[in-house]
Each structure stands twice: as structure tokens, then as C-alpha cells.
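>>> Dropping a prediction and its sequence here:
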There are 2 protein chains.
Amino acid sequence: MNKIITISREYGAGGHSIGKQVAQQLGIPFYDRDIVRETAKASGFDPELIETEEEDISKADSIFKSICSVSSTYYHDSQDAIHDVQRAIILRLAQEGPCVILGRCADEILRDAGVDSINVFIHADDVHRAVRVSEMTGSKNATEIQKLMAKKDSSRHTYYNRYTGKRWGDSHNYHLTLDSGALGYELCIKLIVEAAQAAQ
Amino acid sequence: MNKIITISREYGAGGHSIGKQVAQQLGIPFYDRDIVRETAKASGFDPELIETEEEDISKADSIFKSICSVSSTYYHDSQDAIHDVQRAIILRLAQEGPCVILGRCADEILRDAGVDSINVFIHADDVHRAVRVSEMTGSKNATEIQKLMAKKDSSRHTYYNRYTGKRWGDSHNYHLTLDSGALGYELCIKLIVEAAQAAQ
């Protein structure tokens, strides 16, 4: 097993921080926005469109339509086109050596291509996530935070299901799933690093 | 968080071995058959009936009927009665101090009662499990092994869903889920011990 680590995560569960720390401790690259930048460069699509594709499907839809003035049938093909470009970039990054890749169905993309990876899913209870989201967004409005969590999760869920045919968050899709609320970020980082170091 | 560890597991994924090793390394008791013995003592039910309750619902059904000659409506109440006795025993064992408890919805029983625990789910791909089941049962018949895995998993699934209302194997129900096929038993043991030691 190679030291390529993919991290899928619920919104506000700290997947980004945890992934970044894991990469730092292992001395390997961490890919998140870089994939967006590379996809934009390779495809010519607007980086904002690519970024919102996984995070906010309805927003991505409206951006795409305003750019392209096309029907939603065509849009779906274009969403697929973005996914295909991202897929190629993820496979190229994985070929370059050990790294941590955040989101974008990297687990399934690598599995499909026969590339070994350690696939991690990070989740947390609503209370821990709400505190984190409030910290990230600066919002103190509980209803707003709740709606944001539900919307982001739903988009990631839909995106994952669309491109993998599997259920987002089902333990069977991952080698390791962690509750960052109960275990704490530090322990999550330690366990992932440990798993990566033990992998041959 | 206390060092009470609950382990749910797919058939053939090594949950029993892993749990036993974790308990040994932490120097705490490991409860599996002991719960059956205690339930039999406290309820008067046949130990074989109690044991098959989680593992093989149709067999448990036929044993129960042959003992009690009652209708299946009454049987369901009695299955609930066994579960209630097991619940009380699990709560008593947890009160006695740190331990590892295998199966029997211990995760949800403790969560419901407000008892802190580290809840683990262990799964593995069919190939790793088949090899393990062949080793455990002595069977070399692939179809037989496949049927046995499907039957045991289905029973555990049904049992878990019945008493928790949740989906067996959904990462959200556990603090830690591990793929023992990809990670190997040794690493699974190490990660669980690490999580228990870090827990306050």
C-alpha cells in the first residue's frame, strides 16, 4: 500500500486541517485548491465553477448557465467533463508520489484505476461541527449554520453518489473512518499518520 | 472518555481476535461468551438460544419455538426480553470498569445510558473474510462460505437495526471504523489501543 491518503469529510468536521497536518507530519504534499487550479488550467473552466461543483451544486449550476447559456442537459455533460479533467489530474498527482488528497471522490478514482491508497472519512456530531463552522464563517446564527451544514453535506453526498454509485460515509468505502468530535483532531492526525507509516 | 471499547464486526473480519488482543494489551477484560453465560443465568433462557439470537435469527426462532411452543408474536417479545437482560448485564459490566465488549449493540446500549465508550466497527472485503471463515470453519466450499457470510451479516444487520433503529456499518454510529483486510489485524489492534490510551 502506497502512502497516498485520500480524505473525504463532512463539512465542519476538520478534514481540511487534519489532512494538512497529516501531510506536514509525513512530509508529503497536500492537494485541495491545487486540484481546482490545475483543472481550470487544463479545461479552461472558471475556477469558481470547479470549486463549487463539489460544494454547492445549485450555485455551480447557476454559474455554469450564466457562462454558457446552455440547457441543463448540456450542463450535466459539462459537470462530467470537469470531473473527468479532475480525475486525470488526481491520477497524475498520485503517480508523482505519496500525497494527501482532499475530497473530489479521489478514493474511488484511485480504486478504479488500481492505485493503492489509504481512504479516510472524517465525520463529527452536529455540535462539534457547528462550533467549527461558526469559527470558519464568523456566523453566530445557529439556523444559518445548520442550513449551511445540511446544504454542504447534501452536495458532497450527491456528488459522491453520482460519481461512485456508493453511499457517502458508509464505512465499507473507507479503510479508516474517524469521529473527529469525540476523538479530537490531534488523535485523528496521529492515527492516520500511524496507518500511513505502517502501510508498505 | 472511559476506556470501555465496543466492537461491532462483520463475520470473518477478525473482530473477535482483534478485540481480544486489544483487551490483553490494555490489561482489561474481554466480554463475548461471558455475556451469553450471564444472560442465561439471569433469565433462565437456553444459552444456545441467546447465542444464536444475534448470529442466526432463523435458528434462534426454531430453537425458541421448540422450547416454548409459542406463537411468533410471543417469540418477538421474548427476543426483546433476552435483549433487555443482555442490556442490563452490559451496563453492569461497563460500570465495573474499562473493558472490551463484542457485538450485542453494546455501542448503542451504552450511548443511550450516557456511558462514554469508544465504539469501533471492523469490516473487510469478501476475499479476506472468506479466507478467515475457511480457517475458522474448516470449509473449503466457496459457495458455502459465501452463503454463511451473507447469512451472518444479514442477522447482525437485522439485530442491530431492530435495537438501534440505525444502519449497521454506517460510519456515523462509530468513533472508529477499520478495514481489517487492507490494514491488517496488527495495525487495527495498534490503532484501537492508541485511541483508548489517548482517551481521557
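Structure's in. What do you need?
>>> In space, what's closest to A:Asp125 - neighbours in sequence excluded?
Excluding the flanking residues, the one nearest A:Asp125 by Cβ to Cβ, 6 or more residues apart in numbering or on different chains is A:Gly181, at 4.7 Å. C-beta here means a position set from N, CA and C on the backbone, and glycine is covered the same way.
>>> for A:Lys20, same thing?
Leaving out its chain neighbours, A:Lys20 is closest to A:Phe30 (Cβ to Cβ, 6+ apart), at 5.1 Å.
>>> Now that A:Ala113 has come up, it's in contact with A:Gln95, right?
No: with contact defined as Cβ atoms under 8 Å, A:Ala113 does not count as touching A:Gln95 (9.6 Å).
>>> neighbour count winner among those two?
Set A:Ala113 next to A:Gln95 and count neighbours by other Cβ atoms under 10 Å in any protein chain shown: A:Ala113 wins out with 13 against 10.
>>> give me phi/psi at the more buried one?
phi -90, psi 0 (degrees, to the nearest 10).
>>> measure A:Glu38 to chain B for me?
28 Å (Cβ to the nearest Cβ, to the nearest Å).
>>> got the contact list for that residue?
A:Glu38 sits next to A:Ile89 when contact means Cβ atoms under 8 Å, 6 or more residues apart in numbering or on different chains.
>>> how near is it to A:Glu48?
A:Glu38 sits 15 Å away from A:Glu48, going by Cβ to Cβ, to the nearest Å.
>>> ok, now A:Ile145?
23 Å.
>>> Residues of chain A that sit close to chain B?
Selection of chain A residues close to chain B by Cβ under 8 Å from any Cβ of the partner chain yields A:1, A:118, A:121, A:123, A:169-172, A:174-179, A:182-184, A:186-187, A:190-191, A:194-195, A:198-199.
>>> coming back round to it: the more surrounded of A:Ile145 and A:Glu48?
Neighbour count, other Cβ under 10 Å: between A:Ile145 and A:Glu48, A:Ile145 has more, with 21 against 14.
>>> The more buried one contacts A:Met136, doesn't it?
No: counting by Cβ under 8 Å, A:Ile145 stays clear of A:Met136, with 9.9 Å between them.
>>> Overlap of the contact sets of these two?
Counting by Cβ under 8 Å, 6+ apart, nothing touches both A:Ile145 and A:Met136.
>>> residues touching A:Ile192, list them.
A:5, A:18, A:22, A:118, A:120, A:176, A:178.
>>> oh, I was asking about A:Pro29
A:23, A:93, A:99-100.
>>> any idea which of those is closest to chain B?
A:Val100 (17.4 Å; Cβ to the nearest Cβ).
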